[in-house]
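Student: Dropping the sequence and predicted coords here.
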Amino acid sequence: MPVELIRVRFAPSPTGRLHIGGLRAALYNYLFAKKHGGTFILRIEDTDQQRSVPGGVEDIVNTLYAYGIPPDEGVLLEGGKIGERGAHGPYVQSKRLTTYREAAAKLVEQGSAYPCFCTPERLAALRTSQEQQHLPPGYDGTCRTITPADAAARVAAGEAHVIRFRTPREGATQANDLVRGDVLFRHATIEDTVLMKTDGFPTYHLANVVDDHAMQITHVIRGEEWLPSLPLHLLLYAAFSWEAPAFAHLPLILNTNRKKLSKRDGTTAAADYLADYLPMATLNFIALLGWNPKTEQEYYVSLDELVRDFDLAKVNKAGAIFDTKKLVHLNKLHMRAADPVRLAHIAKLTCTDDEAKKYLPLVIERAERLVDLQPAVAFLTAEDLTYDATLLIPKKGITERTKEVLLAIIPWLNERPAGEWGSADSLRTTTLAWIAERDWTNQEVLWPVRVALSGAAASPDVFDIAVALGKERAMQRVQKAVELL
């Protein structure tokens, strides 16, 4: 298949906020499309009207854009508003009901599907009976033998019904999954699945196949949970005499107990990770949840690097463990490499661009998450610091001695030329020499100075802080420390 014809889609349901697993599926589709010069499409599968939630579509679209993987076609942002673009729309399934009804009618007409008039009460009783007899659950085919004429008459009379697919009773469906290799499904294990519901809406199975064909999808990259649906989908393609796309079923994302990741495990909404982690750090992390580049590289600085290395053949079959320790590690690497001004904007810090350039390099080593940055730079941007005066006294020190060294260092620091205040290394060299000349220890001098500058027992290097604050602000803070003592 020519690379320019590759078309993939991410087709979530707006039944809640976009799950972190959904973001991974979107990312893999995006990477595959970009790797092969193809098209990444966003389609909204909202046929389950009862479970669709207000704002669900907006969350999906905005989350994809926030992570930097916007669709090329389908449902997207146009002028800041959600719209649709492309030659194969509509891209929202609730707008395509006529297409699905026509497709279902064609299947019924050719005998590949049939109306089923079984009531919910009968189906519930059937399930109970199967459970009591320890039989596998599934529809028993009661309406399968109704003649087409009788079925048509009952439909015309307005009798409530669904449309079911007439699954072959014998044989098997075999396919080559791009992740799992050859897979085989025996038809005897597949029930006659509902394609159209009583409310006139299609199920996922019919709408999915009809839309993928209409939108010329070449590769379906989706979660492992849809693997049991593969034989039905392939049978539907055959029933319509359509060429089926290639399929790749991604491994599950598991918690540390090797159970499927769920809301009970904490945050699962993809958008929530934006508060703590850089978008690229999260993408870097989830890209490795199931995909192994087969190299020593784990840190990917950009999407372009991921696109370069991504290969569906390197996606694992086994489930991937969601370990936030690794996410934190990668986020630290991405924050350290980020431009300070851009990082400050992403973290929504209350500092100027110039302050970001000066202050963030001082605190970035101690930060693990974006939320760590604001409190980390707060002492640098603060107009005034509040702290307990006893914090100024070094371990085994006394108030009088601490006050003495501060009173001595104030005039000396004030006399330092601009050149020394412009370099932490220069200020460090001359100050340490000054301390040594007086036969004082670095601890008894630099501890109170650092507390005076930072207001805390733990902070970046004292000389880095002094240079970042500038001479005037630094000296004001040291003078305040003397007053506190």
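Tutor: Noted; the coordinates are in hand.
Student: correct me, but I44 touches A11?
Tutor: Yes - the pair I44 / A11 is scored as a contact, 7.4 Å apart, by C-beta atoms under 8 Å. Yep, even glycine has a C-beta here, placed from its N, CA and C like the rest.
Student: Give me the nearest residue to T430, chain neighbours excluded.
Tutor: Excluding its sequence neighbours, the residue lying closest to T430 (C-beta to C-beta, 6 or more residues apart in numbering) is E420, at 5.8 Å.
Student: quick one: pLDDT of that neighbour?
Tutor: What the model reports as pLDDT for E420 is 90.
Student: Please list all residues in contact with it.
Tutor: Listed by C-beta atoms under 8 Å, 6 or more residues apart in numbering, the contact set of E420 reads 426-427, 430.
Student: Now which of these would you call buried?
Tutor: Taking 16 or more other C-beta atoms under 10 Å as the criterion, what is buried in the contacts of E420 is 426-427.
Student: and the contacts of E420 as a markdown table, adding pLDDT?
Tutor: Conversion of the contacts of E420 to a markdown table gives the following (pLDDT from 0 to 100):
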| residue | pLDDT |
| --- | --- |
| S426 | 95 |
| L427 | 95 |
| T430 | 95 |
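Student: Which of the helices or strands spans G74?
Tutor: Using DSSP states H and E, G74 falls within strand 73-78.
Student: Report the rounded mean pLDDT for that strand.
Tutor: Regarding strand 73-78, the rounded mean pLDDT is 96.
Student: Would you tell me what the next helix or strand after that strand is?
Tutor: Heading C-terminal from strand 73-78 (DSSP H and E), you reach strand 81-85.
Student: Let me know the angle separating that following strand from strand 73-78.
Tutor: For strand 81-85 against strand 73-78, the angle by axes from the mean of the first three to the mean of the last three C-alpha atoms, to 10 degrees is 150 degrees.
Student: circling back: what distance separates the strand holding G74 from the centre of its chain?
Tutor: 19 Å (C-alpha atoms, centre = their mean, to the nearest Å).
Student: what does stretch 332-347 give?
Tutor: Computed by C-alpha atoms, centre = their mean, the chain-centroid distance of stretch 332-347 equals 18 Å.
Student: list the buried ones in that stretch?
Tutor: Quick answer for stretch 332-347 (16+ other C-beta under 10 Å): 332-335, 338, 340-341, 343-344, 346-347.
Student: In CSV, list the residues you listed along with secondary structure.
Tutor: CSV is the format used below for these (DSSP: H, G, I helix; E, B strand; the rest coil):
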residue, secondary structure
K332, helix
L333, helix
H334, helix
M335, helix
A338, coil
P340, helix
V341, helix
L343, helix
A344, helix
I346, helix
A347, coil
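Student: now, which of these sits nearest I190?
Tutor: Lowest distance from I190 to the buried residues of stretch 332-347 (C-beta to C-beta) belongs to H334, with 45.5 Å.
Student: what sits against the residue lying closest to the closest one once chain neighbours are set aside?
Tutor: Excluding the flanking residues, the one nearest H334 by C-beta to C-beta, 6+ apart is A281, at 4.0 Å. Applying C-beta under 8 Å, 6+ apart to A281 gives the contacts 327, 330-331, 333-335.
Student: Closest one to N292 out of those residues, please.
Tutor: Using C-beta to C-beta, L330 comes nearest to N292 of the contacts of A281, at 15.4 Å.
Student: That closest one belongs to a strand?
Tutor: No - counting by three-state DSSP, L330 falls outside a strand, being helix.
Student: Just the residues contacting stretch 246-260, thanks.
Tutor: Stretch 246-260 is contacted from outside by 20-21, 24-25, 28, 175, 177-180, 218-227, 230, 261-262, 265, 289-290, 312, 315-323, using C-beta under 8 Å, 6+ apart.
Student: tell me the mean pLDDT for that stretch?
Tutor: Averaged over stretch 246-260, pLDDT sits at 91.
Student: Report how many residues lie close to F247.
Tutor: Neighbours of F247 under the rule other C-beta atoms under 10 Å: 21.
Student: With only the CA atoms kept, save the helix or strand containing it in CSV.
Tutor: Using DSSP H and E, F247 sits within strand 246-250. In CSV, the C-alpha atoms belonging to strand 246-250 read as follows (Å, rounded to 0.1, in the frame of the first residue of the first chain):
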residue,chain,number,x,y,z
ALA,A,246,-5.0,-3.9,8.7
PHE,A,247,-5.5,-4.3,12.5
ALA,A,248,-3.1,-3.8,15.5
HIS,A,249,-4.4,-4.4,19.0
LEU,A,250,-2.4,-2.6,21.7
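Student: Quick check: phi and psi at A175.
Tutor: The phi and psi torsions at A175 (degrees, to the nearest 10) take the values phi -150, psi 160.
Student: Please renumber the chain so that the first residue is 26 from this point on.
Tutor: Yes, from this point I'll number from 26; that puts the last item at A200.
Student: Closest one of the contacts of E445 to V187?
Tutor: Distances from V187 to the contacts of E445, taken by C-beta to C-beta, are shortest for L452, at 79.1 Å.
Student: close enough to count as contact, that closest one and W446?
Tutor: Yes - between L452 and W446 there is a contact under C-beta under 8 Å: 6.4 Å.
Student: Between these two, which contacts overlap?
Tutor: Common neighbours of L452 and W446 (criterion: C-beta under 8 Å, 6+ apart): 491-492.
Student: any idea how far D97 lies from A50?
Tutor: From D97 across to A50, the span is 16 Å (C-beta to C-beta, to the nearest Å).
Student: ranges for the strands of the stretch 276-425 of the chain?
Tutor: For the stretch 276-425 of the chain, the strands defined by DSSP state E, counting those that start in this stretch occupy 278-279, 345-346.
Student: what packs against the last one?
Tutor: For strand 345-346, the contact count by 3 or more C-beta pairs under 8 Å, 6 or more residues apart in numbering; DSSP states H and E identifies strand 278-279 as packing neighbours.
Student: From the chain's centroid, how far away is the strand it packs on?
Tutor: The chain centroid and the centroid of strand 278-279 are separated by 13 Å, computed with C-alpha atoms, centre = their mean.
Student: Please report the number of neighbouring residues for V187.
Tutor: By other C-beta under 10 Å, the residues close to V187 number 21.
Student: do the same with A138
Tutor: A138: 27 surrounding residues under other C-beta under 10 Å.
Student: which residue sits closest to it, ignoring its sequence neighbours?
Tutor: The shortest distance from A138 to any non-neighbouring residue, by C-beta to C-beta, 6+ apart, is to L132 (3.7 Å).
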